[in-house]
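[1] build the 3D model from these lines:
(2 chains)
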Amino acid sequence: MATLTRREALALGSAILTAAASGSLQALPSELKIMAPAAPGGGWDQTARVMQGVLTAERIVRSAQVTNVAGAGGIIGIAQFVNGSKGDPTALMVSGFVMVGAILMNRAPVTLDAVTPIARLTGEWQALVVAANSPIKTPQDLIAAIKADVTKVSWGGGSAGGVDHITAAMFAGLAGADGSKVNYIAHSGGGEAMAAILSNRVTVGVGGGSEFEQHVKGRRLRWIGLTAPQGTAGLPGPTLSEQGIKLELQNWRGVFAAPGITEAQRAELGQLVERMVKSKGWADQLSAKGWQDTYLGASAFEAFLKEEIARVSGVLGQLGLVRA
Amino acid sequence: METLSLLGNGLAIAVQPMNLLFALVGVILGTAVGVLPGIGPAMTVALLLPITFKMDPAGSLIMFAGIYYGGMYGGSTTSILLNTPGESSSIVTALEGNRMARAGRGGAALATAAIGSFVAGTIATALLTIFAPFLAEVAIAFGPEDYFALMLVAFITVSATFGSSRLRGLTSLAIGLTLGLVGIDKLTGQARLSFGVPDLLDGLEVTTVAVAMFAVGEAMAVASQKGGADDGKVEPIRGSLWMTKEDWKRSWLPWLRGTAFGFPIGALPAGGAEVPTFLSYATEKRLSKHPEEFGHGAIEGVAGPEAANNASAAGTLVPLLTLGIPTSATAAIMLAGFQQYNLQPGPLLFVTSADVVWGLIASLFIANTMLIVLNLPLVGLWVRLLSIPRPWLYGGILVFATVGVLAAKGSLVELTLVLVLGLLAFAMRRFDYPIAPVVVGMILGPMAETQLRRALQISNGDATVLLTSPISATLLVVAVVALFGPLLWARLGWRMKSDED
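    Next up is the predicted model:
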């Protein structure tokens, strides 16, 4: 099917040459393999597929292939990635906040220590919302309600021990309550949780900011606040920090390389990802999907990851979901 | 009347040649993936999303809708012919449909499924057009206590699938409930019955269990019979290939009743496509003039559930389009599709992107028509599958079932599960335990458990919430009537008879 004419072949060849000359790459990696440790359709899968599209469209790599290994918050995928791709400089895996929790809660044999951090790519700020007719109007009202009786404040969000649950526990902790007493109602999938929040069945809803935007515009929900740092641009609503509550948490996604690659190979993959992140194609895709660019390079990402794992394991321990 | 003119505009968009082509591609793809167990419409749409990025939004959404409806159709074909449900919503279809197919009535079973799906799909899409915004409000008012009451009704009515012995039926149900427990508990995040195997943490896939129990178990049972090829011979066609006048007469009411179950339950955020098929099956068994035929190939038991699952597919679009709430895996991925084009489903979608929405709704009508035009002529061809000699046919079913499961997950654990559960099903068949309650328990058990615990968690442990919610209270009354009504009727009937004597 794809036979190149001589002129096209020449053009392609020179394009490759210029690409190689402009970057410090010796040659274009012929093929990149990106694993999404989740079923098609979810956030990790979409990240992997956007990467695939941008990397090839911007001619950063010749081809990229996405594989899905679904199950258990990604711990099946990471185990397979570590065993199957050791020392392979063309293998990448998408991961994120959810996997940190899943590994801790299930005491997974293979952890994020086994893979090589390359970059943090995107993030979504968490948001707290209430139904439009709720008596709670500000974060302070919510704190007062929690102080009065933490068990009477019910939280609606995603799976137990996931990013929503952790957000709820951290907020309750700021209000001086015991995280394990938080009355958190876990839901599978965004739909069920949204129905519970919209119908004012739960006191407060927690989830990714973009999920609620439309309903706030439609005046069915009201922001309590987002978990972004003060002064973050392009937010749909007010942050908690500008209302005097220090809670910063993002549901981040990043990319990792295989274990056992050389420092040079790691640096090369890092540059490749950096070029992708700086491209226009990437920016376009991010704005279409409503994802925030929260890029961190390899060493900064590694430091961030260490802190994040410690923080999450502390909260999950408090919730009784991880036993020391 | 504004609705009608909007729908007219939508039709004008949907009948553009390009969009018709997309609808055609969608329904063909959907039928194909519906046929394969394990691979469903959700996965297909997810894999197509990146490819359609550069396409026109209306065109690709029309294609996705075609895949969705097509999947519901395709699932029933293998249920009926091979006793291998392609989707969890066509499990009930296998109960009567496969019996019919073996008695040479496969053509009629396929036809009533196809026409029932068409009728239900069309009525439900019309209901979607008219009532979507209103229904969405009712649907989100459904709380966990109400779901629990609905599950109770379903539990009581599923006794219709128990076969001859209650005790054996309950034993099977208990096996199903146990299988449903496997995996991470949704409310506390703790693993149950996973024995340290990470692949089990997400629980068992309903289609995997259904394929193992129905298809693999049966293949083993057939292989174990001495000179199996001669026993219980399958007749490909007996009498008319088509539906007889009698079949029509027995089908049209179940179609309508199935739609009445499917559409509203599909519109509930946690309703699903399986529950209405159970309810429809049980209702048809109760109301049928030929209850003795149930378990041996009663056409009502195919017509009702098939209508119900298609109607629920339309119902699912109610919360998706009006509130932006995805209530099934496919709907969740369609939502991702909308967002890809910067369309945000929700109350504003009907205003901001009216042409897309009405184009989509109109294309549902078109997809439905296409499906029946495509599928009815194929009935004759499909039925010929049954004239394949049994060893070959069952060998083929085994390959087909395992390939489907492997393709979906690509995991050895999953394959082992299919074989182990197949052996279990074989043993159950051997000792005359019914299979259907296992799958029913596995679907309903976790739903009922989660909803009850959620209701109690929200009410801080106050159980009266089950009675104070009007919806829940009504459903509980229905449950009580369904449980004791037949006993009472039997008593009364007996007494009247004895009076006459």
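[2] quick one: the helices in the stretch 151-300 of chain A?
    A:163-174, A:190-198, A:209-217, A:263-278, A:280-289, A:298-318 (DSSP state H, counting those that start in this stretch).
[3] which residues touch stretch B:39-50?
    A:39-41, A:45-46, A:49-50, A:52-53, B:29-30, B:33-34, B:60, B:63-64, B:67-68, B:70-71, B:87, B:207, B:328-330, B:332-334, B:336-337, B:340, B:404, B:407-408 (CB atoms under 8 Å, 6 or more residues apart in numbering or on different chains). For glycine as for every other residue, the C-beta is placed from the backbone atoms N, C-alpha and C.
[4] again with stretch A:154-162
    A:98, A:101-102, A:105, A:164-165, A:167-168, A:182-190, A:193, A:196-197, A:201-207, A:316, A:319, A:321, B:184-189, B:457-458.
[5] for that stretch, output the C-alpha coordinates as CSV.
    C-alpha atoms of stretch A:154-162 as CSV (Å, rounded to 0.1, in the frame of the first residue of the first chain):
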residue,chain,number,x,y,z
SER,A,154,-21.2,12.2,53.3
TRP,A,155,-18.8,12.4,50.4
GLY,A,156,-19.6,11.1,46.9
GLY,A,157,-16.8,10.2,44.6
GLY,A,158,-14.9,7.4,42.8
SER,A,159,-13.4,4.2,44.0
ALA,A,160,-12.3,3.6,47.6
GLY,A,161,-8.7,4.6,48.2
GLY,A,162,-8.6,6.5,44.9
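[6] low-scoring pLDDT stretches of the stretch 1-150 of chain A, where are they?
    Along the stretch 1-150 of chain A, segments meeting pLDDT under 70 span A:1-29, A:41.
[7] can you give me the offset of the helix ranked longest in chain B from its chain's centre?
    Counting residues, the longest helix found in chain B (DSSP state H) is helix B:106-141. Centre-to-centre, helix B:106-141 and its host chain are 13 Å apart (CA atoms, centre = their mean, to the nearest Å).
[8] that helix and chain A in contact?
    Yes: Helix B:106-141 is in contact with chain A by CB under 8 Å from any CB of the partner chain, via B:139-141.
[9] now, which of the residues you listed sits nearest chain A?
    Among the residues of helix B:106-141 next to chain A, B:Ile140 lies closest to chain A (CB to the nearest CB), at 4.4 Å.
[10] list the contacts for the closest one?
    By CB under 8 Å, 6+ apart, the neighbours of B:Ile140 are A:195, A:198-199, B:269, B:319, B:323, B:325.
[11] cool, and A:Ala257?
    Residues counted as contacts of A:Ala257 (CB under 8 Å, 6+ apart) are A:89, A:91-93, A:115-116, A:118, A:265-266, A:269.
[12] low-confidence ranges in the stretch 201-324 of chain A?
    Using pLDDT under 70, the stretch 201-324 of chain A drops low at A:323-324.
[13] I should have written the stretch 1-150 of chain B there, sorry.
    B:1-2, B:37-38, B:50, B:52-54.
[14] can you pull out the helices in the stretch 201-350 of chain B?
    Secondary structure of the stretch 201-350 of chain B, counting by DSSP H, counting those that start in this stretch: helices at B:206-210, B:217-224, B:245-267, B:274-287, B:300-323, B:329-340, B:349-352.
[15] send the alpha carbons of stretch B:260-268 over as PDB?
    C-alpha atoms of stretch B:260-268 as PDB (Å, rounded to 0.1, in the frame of the first residue of the first chain):
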ATOM      1  CA  ALA B 260     -41.500  -1.100  29.000                       C
ATOM      2  CA  PHE B 261     -38.800  -2.800  31.200                       C
ATOM      3  CA  GLY B 262     -35.800  -1.900  29.200                       C
ATOM      4  CA  PHE B 263     -36.200   1.800  28.500                       C
ATOM      5  CA  PRO B 264     -36.800   3.200  32.000                       C
ATOM      6  CA  ILE B 265     -34.300   0.800  33.700                       C
ATOM      7  CA  GLY B 266     -31.700   1.600  31.000                       C
ATOM      8  CA  ALA B 267     -32.200   5.300  31.800                       C
ATOM      9  CA  LEU B 268     -31.400   4.800  35.400                       C
END
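[16] quick one on the thing from earlier: restricted to strands, list the contacts of stretch A:154-162.
    In strands, defined here by DSSP state E, the members of the contacts of stretch A:154-162 are A:183-186, A:204-207, B:184.
[17] ok, of those, which one's closest to B:Gly297?
    Distance to B:Gly297 across these (CB to CB) is lowest for B:Ile184, with 39.8 Å.
[18] which positions within the longest strand seen in chain A qualify as buried?
    Counting residues, the longest strand found in chain A (DSSP E) is strand A:116-131. Residues of strand A:116-131 classed as buried: A:116-131 (neighbour count, 16 or more other CB atoms under 10 Å in any protein chain shown).
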